[in-house]
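[1] need a 3D model of the sequence below.
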Amino acid sequence: MNRRQTLLLAATGAGAALLGGALAWWRLAPAPPADTAVAQLFAQSFPDAEGRAQSMAQWRGKLLVVNFWATWCAPCVEEMPDLERVRLAYLDRNVEIVGIGIDNAAKIRAFRDELKLTLPLLVAGAGGSELGRLLGNLAGALPYTVLIDPFGRVVQRKLGQIKPAELQQWLDAQLSARD
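    Numbering: from 1, shown residues only. Presented below is the predicted three-dimensional model:
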């Protein structure tokens with residue numbers, strides 16, 4: 001074997017090794033942190049405003065908007081009626097909007113009743129802030145909204161008040177991608 005053939009053989013072997021390593025890394029790499037956080041979200045249950053446990057897993061497979069909020073947060077309070085309207089407009093399209101309250105049940109129940117909201121409002125208390133951080137809210141501020149696709153991937157995030165047009169744009173983009 002001459003020197004040229006040896007170099008060609010070595011280069012081919014190195015390329016195959018790199019390709020094999022890259023393929024193995026891609027197939028065996030851990031899921032992105034957000035996907036792990038979504039799995040943790042779906043593994044939890046929270047009481048609703050009436051104190052009944054609600055499993056987050058009931059919304060797995062839907063296009064799910066999770067909004068972290070509190071009754072003492074002015075932008076949260078302002079956006080809640082908009083979330084209700086968007087929810088009602090998309091309810092028959094396998095979309096759900098869930099509010100996770102960083103608050104107590106009595107305040108959430110009174111808020112829900114005053115505004116006549118029908119969207120699921122769950123009570124996470126201060127522990128909800130940690131869940132928000134796992135889903136990308138490193139600032140820990142409210143409101144914080146996450147869009148999770150039916151495959152359990154976080155596809156959109158927003159810190160601060162979300163406007164109805166922006167949320168509708170998120171939902172329409174995901175729904176049209178599936179059609």
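[2] buried set for stretch 142-162?
    142-149, 152, 154, 156, 158-159, 161-162 (16 or more other C-beta atoms under 10 Å). Bear in mind the C-beta positions are built from the backbone N, C-alpha and C, glycine included.
[3] quick one: residues contacting residue 171.
    63, 65, 86, 90, 93, 95, 147 (C-beta atoms under 8 Å, 6 or more residues apart in numbering).
[4] can you confirm it is in a strand?
    No: assessed with DSSP: H, G, I helix; E, B strand; the rest coil, residue 171 is helix; it does not lie in a strand.
[5] mind checking how far it is from residue 67?
    Using C-beta to C-beta, to the nearest Å, residue 171 is found at 13 Å from residue 67.
[6] give me the nearest residue to residue 78, chain neighbours excluded.
    Excluding its sequence neighbours, the residue lying closest to residue 78 (C-beta to C-beta, 6 or more residues apart in numbering) is residue 161, at 6.4 Å.
[7] count residues in the vicinity of residue 116, would you?
    For residue 116, the count of nearby residues is 8 (other C-beta atoms under 10 Å).
[8] am I right that residue 142 sits in a strand?
    No: assessed with three-state DSSP, residue 142 is coil; it does not lie in a strand.
[9] restricted to strands, list the buried residues of stretch 142-162.
    144, 145, 146, 147, 148, 154, 156, 158, 159 (DSSP state E).
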